[in-house]
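**Student:** no FASTA, just this:
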């Protein structure tokens, strides 16, 4: 069994900051890409940021320069530092990990349960 557990969401004023964390646990052999997605009401889920095992990153244009993704491979954990938050960043944020379970031969995507981020005054 593999679990992705997110933490760090909440309510913040415009211009504020939040840090999301996501820890993967279970019978994991290797994790390839880890990322954060978000879904606002009435909208499709979209990629926010992703990071490879080697540390290469990719960001959505809308968060470039404001958000920073990082990971701790030893802890199977990915972080999202969100600065200069805007009301349009309000969404449920989901953690994603493309990983290889022990005794498996294929990498599979796993998702966290989601954490709410609300940016409002």
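**Tutor:** Right, received. Where do you want to start? Please read these numbers as outputs of a predicted model, since none were measured by experiment. Numbers count the residues shown, from 1 in each chain.
**Student:** list of residues touching stretch 96-107?
**Tutor:** When contacts are taken as Cβ atoms under 8 Å, 6 or more residues apart in numbering, the neighbours of stretch 96-107 outside the stretch itself are 2, 4, 22, 24, 26-37, 50, 76, 78, 108-112. (Glycine included, C-beta is placed from N, CA and C.)
**Student:** how long is it end to end?
**Tutor:** The stretch stretch 96-107 measures 12 Å between its terminal residues, going by Cα to Cα, to the nearest Å.
**Student:** quick one: average confidence on it?
**Tutor:** For stretch 96-107, mean pLDDT is 95.
**Student:** any idea how far that stretch is from the middle of the chain?
**Tutor:** The chain centroid and the centroid of stretch 96-107 are separated by 18 Å under Cα atoms, centre = their mean, to the nearest Å.
**Student:** same thing with stretch 32-47?
**Tutor:** For stretch 32-47, the distance to the chain centre is 8 Å (Cα atoms, centre = their mean).
**Student:** which of the residues in it are buried?
**Tutor:** Taking 16 or more other Cβ atoms under 10 Å as the basis for neighbour counts, the residues of stretch 32-47 that come out buried are 33-38.
**Student:** what sits up against that stretch?
**Tutor:** The contact list for stretch 32-47 (Cβ under 8 Å, 6+ apart) reads 20, 22, 24, 48-53, 58, 60, 69, 71, 78, 80, 88-100, 107, 114, 117.
**Student:** and if we set it to 6 Å?
**Tutor:** Counting contacts by Cβ atoms under 6 Å, 6 or more residues apart in numbering, the residues outside stretch 32-47 that touch it are 48-52, 60, 71, 78, 80, 91-94, 96-98, 107.
**Student:** average pLDDT for it?
**Tutor:** Summarised as a single mean, pLDDT over stretch 32-47 is 97.
**Student:** span of that stretch from start to end?
**Tutor:** Separation of the first and last residues of stretch 32-47 by Cα to Cα is 16 Å.
**Student:** for stretch 75-90, same thing?
**Tutor:** The stretch stretch 75-90 measures 28 Å between its terminal residues, going by Cα to Cα.
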